[in-house]
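>>> after the sequence you'll find the predicted model.
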Amino acid sequence: MRPRAGLVLLAALIFGLAAALASETYARMTLAGVSGLLAAVALGYGLMRLSARRAHRRLVDAAATLSEHDPAPCVLTDAEGRILCRNAAARRDFAGSTADTLATLLQSRLANPGTLLLRLENRAARAGAAQEDVVTREGHIRFGAQRVGAGVCLWRIERAAQSVPRRGDPMPLPMITVGRNDAVLFMNEAARDLVGERVRSLERICPDLPIRSGAVNDVNTRDGRVGCLVAELEGTAGRREIFLLPGLSATERQPDGWDFLDELPVPLLKLSAAGEVMLSNRPARELLGNEDCVGRPLSDLLEGLGRPVSDWISDAAEGRGTVHSEFLRVKRDDGETFAQVMLNRAREGNDTILIAVLHDATELKSLEAQFVQSQKMQAIGQLAGGVAHDFNNLLTAISGHCDLLLLRHDQGDPDHGDLLQISQNANRAGALVSQLLAYSRKQTLRPEIMDLRDALADLTHLLNRLVGEKVEMSLSHESELWSIRADKRQLEQVLMNLVVNARDAVPGGGSVLIRTENLTLETPLVRDRATVAPGRYVKVSVEDDGTGIAPENLRKVFEPFFTTKRVGEGTGLGLSTAYGIVKQTGGFIFADSETGVGTTFFLLFPAFDRDAVTKIAHEAKATSPETPAEGVVLLVEDEAPVRAFASRALQMRGFTVVEAESAEDALDILRDETLVFDVFVTDVVMPGEDGPTWVRQALKARPEVRTVFMSGYAEDDFADAQAKIPHSVFLSKPFSLTDLTDVVHRQMAIEGVQKDRVGAPGP
């Protein structure tokens, strides 16, 4: 995965470089979009690799913990044979060794350990575990290999004295050596004490043959039939070593017979070829949230995310193709849980069984959901930015030339109504682009310090008309409400969207409450993948007693174009627009809902001290269109229709206009020192040098000239560059004839350094 992510990231850098070198705006935006998408994919690969590494680390830690107190030396290795960790016995037996691979570690005891390790590793890869006895100068040593996970193997190095308890051991375990045809070859003292006599056949000891290794079996002892936990190990020359752990009666057996695996940290299931659960351990039952899963089909416990679970089990049981691990959703009512399930095919007598190894993947799926959501946000943001620039240029030309035509047609003219319709629909198109920009947090905001009570008082009459007569709307304010900093017009749009949604949630009549209150957070507030830092906030709630929102829809309500309303009743942009405006303002928006009870949307805005904010008053007021103006304007705009409209509008007002279609042309014009300019009016994004770049060069020789920047992008995209240019203001596209002429006239009328935003009533 590392080289794949690297190649994708390299491709992203290449496309980014191509975007920087592209001359056409459309090509540059397209290449930049592809570069951003490839970078997001590379990030996804990186997150997946990080998650896999964490899962691998947890697996290694669990295996190391399980084997730490094993009396036999145990070594955990990766796919290349590198040592990951050793247990206490291995550290003691190989205390002086600094080997980093298992083959190097065993060179002091074996002449050619590589061949043995490779043979055992291949057998373990096929069967899950393997062991082999080797004669060394130190005696008989049994090497065991067990596959723990992908590329991880647990090695157990056991001396013969450890595997066969001898007479005189302080706590000998009953052990029976069995040959072919279940003939008893040897019984240690503890086994003879348990059974009461030396027997020749295993059937005399365990009447229910074949024995079940790892399960409780009935054993005939001197005290009668007793339940014993039986462990069977494969020996040399066809021999088997059977260990008995007495003291468990038949009534004490677990129903699934896997009680000795309940302490393992890995959830395990034993399945029939048809997919029914035959055995389960405790971690598996806890993950599935079901204590009675034996005998049930796996499809009743897990739900496939892409393909039916039954098809997947059938392929695994028949050995068709390559069976990969699957991410499945656990069917439980106490929360959404996901599990990564790996199936391993095995034989039990003449029957085919499946061993399912489960891993809790809820955290991984949550991370994946966050990544998908971030991709959605990025995609919408890129789309909005690209559409805004090109579309706002078109709207500027349309609405601007429409304004020029309206100047020549009075209200009595037959064409006046048609021109008015063109102008109004152009404004509606601009509002639609503004909604997309709001969701992607690229809208131009004009924040000011305000009291929410005053803003809601101005809006109350309109809100009452919106909710109608069947819905009772009320307001509740805290007496000493703190101030906030927001764009009043955009905040009103957010509140209207929330109130309209509340009205639609109570179609038969009900109540809507708007509540404002102060909130002080002493500790961070964490919810809905967002963290609100401690501090002072103003909380605004819009509550209704309507139908509520279903839980599966509640987490999608802020996504663009998602709506539960019927066709024609909603566009799905209302809440996404509110989300973008609130987030761009620096606030938070959350939703709580209960089906049949009602819904509450609440917003958190950082509190501001009104007295501590420096207020900057406008020193120049917009003049009326009839006031004649004088001055020379250098107009730089690469879009010919926009340039033509802006030039005619400024000339009609009385300005002298010199046009340039690029930054390079503008700098060529300024080389003529006899030309005197009062104001630069320039687009921000143009082929070649952008607006701020050429203006900075021009101001070195003409520092007294003021600047008006025009752009279809949001002002925040180049606010840092504009801040370095004195006497500059911003005019967002689309703009009207009056907007353009007024801002240019205001720039010429201002005395001293004054920075302002177009049309803003205050800071």
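Cool, the structure landed.
>>> in the stretch 651-763 of the chain, mark out all the helices, start to finish.
663-670, 691-701, 719-723, 737-749 (DSSP state H, counting those that start in this stretch).
>>> quick one: the first one to helix 691-701, angle?
Using axes from the mean of the first three to the mean of the last three C-alpha atoms, to 10 degrees, the interaxial angle of helix 663-670 with respect to helix 691-701 works out to 20 degrees.
>>> swap in the longest one?
Between the direction of helix 737-749 and that of helix 691-701, the angle (the same axes, to 10 degrees) works out to 30 degrees.
>>> then helix 737-749 to PDB, C-alphas only?
Provided in PDB are the C-alpha atoms of helix 737-749 (Å, rounded to 0.1, in the frame of the first residue of the first chain):
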ATOM      1  CA  LEU A 737     -23.800  49.100 -12.200                       C
ATOM      2  CA  THR A 738     -24.400  51.200  -9.100                       C
ATOM      3  CA  ASP A 739     -22.200  48.900  -6.900                       C
ATOM      4  CA  LEU A 740     -19.300  49.400  -9.200                       C
ATOM      5  CA  THR A 741     -19.600  53.100  -9.700                       C
ATOM      6  CA  ASP A 742     -20.200  53.800  -6.100                       C
ATOM      7  CA  VAL A 743     -17.200  51.900  -4.800                       C
ATOM      8  CA  VAL A 744     -14.800  53.500  -7.300                       C
ATOM      9  CA  HIS A 745     -16.200  57.000  -6.500                       C
ATOM     10  CA  ARG A 746     -15.800  56.200  -2.800                       C
ATOM     11  CA  GLN A 747     -12.200  55.200  -3.200                       C
ATOM     12  CA  MET A 748     -11.400  58.500  -4.900                       C
ATOM     13  CA  ALA A 749     -13.300  60.400  -2.200                       C
END
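>>> report the separation between L120 and L106.
Relative to L106, L120 is positioned 12 Å away (C-beta to C-beta, to the nearest Å). Every C-beta, even on glycine, is put in place using the N, C-alpha and C of the backbone.
>>> wait, what's in contact with N427?
S399 (C-beta atoms under 8 Å, 6 or more residues apart in numbering).
>>> mind listing the strands for the stretch 151-300 of the chain?
152-159, 175-178, 184-187, 216-221, 224-234, 240-245, 268-272, 277-280 (DSSP state E, counting those that start in this stretch).
>>> what's the closest of those to D351?
Proximity to D351, assessed across those by C-beta to C-beta, is greatest for strand 268-272 (7.7 Å).
>>> so in that sheet, which strands flank the closest one, and in what orientation?
Sheet pairing for strand 268-272, assigned by DSSP bridges, gives strand 277-280 (antiparallel), strand 351-360 (antiparallel).
>>> please work out the average pLDDT along it.
Taken as a whole, strand 268-272 has an average pLDDT of 88.
>>> how far does it sit from the chain's center?
32 Å (C-alpha atoms, centre = their mean, to the nearest Å).
>>> returning to that earlier point: L120 and L106 - which one has more neighbours?
Between L120 and L106, counted using other C-beta atoms under 10 Å, L106 has the larger neighbour count: 25 against 20.
>>> what's the closest non-adjacent residue to Q747?
Counting by C-beta to C-beta, 6 or more residues apart in numbering, R706 is the residue found nearest to Q747 once chain neighbours are left out, at 4.4 Å.
>>> pretty sure G114 sits against T101.
No - using C-beta atoms under 8 Å, G114 is not in contact with T101; the gap is 9.5 Å.
>>> the two: who's more crowded?
Taking other C-beta under 10 Å, G114 and T101 do not tie; T101 has more neighbours (18 against 15).
>>> for that one, list each beta-bridge partner.
Beta-bridge partners for T101, by DSSP bridges, are R82.
>>> all numbers from here: first residue = 9
Let's use 9 as the start, then, which means that last one is T109.
>>> so who does it touch?
With C-beta under 8 Å, 6+ apart, T109 has these contacts: 85, 88-91.
>>> try A652
Counted by C-beta under 8 Å, 6+ apart, A652 has contacts A405.
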